[in-house]
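> Provide a 3D model corresponding to the input given below.
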Amino acid sequence: MDSGRNRPSTSARFLGAARALVEEAHERAGGLAWVVARADGDELVVLCAAGQAPGLKEGERFEPNSESDVLITLELPDGSVFGALCVLSPAEGAGQEERQRHLVHARRTAEVLASLLAAEWDVHAALKRAGEETLRAERARDEAFVDP
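The predicted structure is shown next:
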């Protein structure tokens, strides 16, 4: 996973939408828990979750079980890894049919999350450009008042 040092911070809008999406997905598709996590180096940190999984709290690191859990990587528009959408299964694991159902719902949910991330990315980029333009305009104004 990517450290994400150059990416915009996660907005309250994204977190609210992500929370609503995983709650809906959990209700529709089941699973022990649905989790949206951000990458922090090679680790995942919980941003929001729906369902019941012991020790799964926002802001804490967790490691999905590669044998039974469904994990879909969430990427930013520049191709860097934002984090992941995870569907956690009980310790004894899910049957193949249940895992397939989780995978289908997770792919759909991940597509929506990726669209939301892209929109947030665009907003962040626009705000950054606006700030840069404001600084340029202020410098030009200041230079106009300086005698040569």
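> and residue 46, that one's in a strand?
Yes - under DSSP: H, G, I helix; E, B strand; the rest coil, residue 46 falls within a strand.
> where does it sit relative to residue 96, distance-wise?
Note on residue 46: its distance to residue 96, by CB to CB, to the nearest Å, is 27 Å. For the C-beta atoms, the positions are set from N, CA and C on the backbone; glycine is no exception.
> Looking at the two, which one has more neighbours?
Set side by side, residue 46 and residue 96 show more neighbours around residue 46, with 21 against 8, by other CB atoms under 10 Å.
> Can you point out the buried residues in whichever helix or strand residue 87 is part of?
Residue 87 belongs to strand 81-88 when assigned by DSSP states H and E. Buried residues in strand 81-88, counted by 16 or more other CB atoms under 10 Å: 81, 82, 83, 84, 85, 86, 87, 88.
> Show me where this structure dips below the pLDDT cut-off.
1-10, 91-94, 123-127, 147-148 (pLDDT under 70).
> now with 80?
1-10, 53-55, 66, 68, 90-102, 121-133, 137, 140-148 (pLDDT under 80).
> can you give me the strands in it?
Using DSSP state E, the strands found in the chain span residues 33-40, 43-51, 61-62, 70-75, 81-88.
> possible to save these as a markdown table with distance to residue 24?
Below are the strands of the chain laid out as a markdown table (distance: least, CB to CB, whole Å):
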| stretch | distance to residue 24 |
| --- | --- |
| strand 33-40 | 9 |
| strand 43-51 | 8 |
| strand 61-62 | 21 |
| strand 70-75 | 16 |
| strand 81-88 | 13 |
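> Figure out which of these is closest to residue 27.
With CB to CB as the criterion, residue 27 lies closest to strand 43-51 of these, at 8.0 Å.
> Which strands or helices does that closest one pack on?
helix 12-29, strand 33-40, strand 61-62, strand 81-88 (3 or more CB pairs under 8 Å, 6 or more residues apart in numbering; DSSP states H and E).
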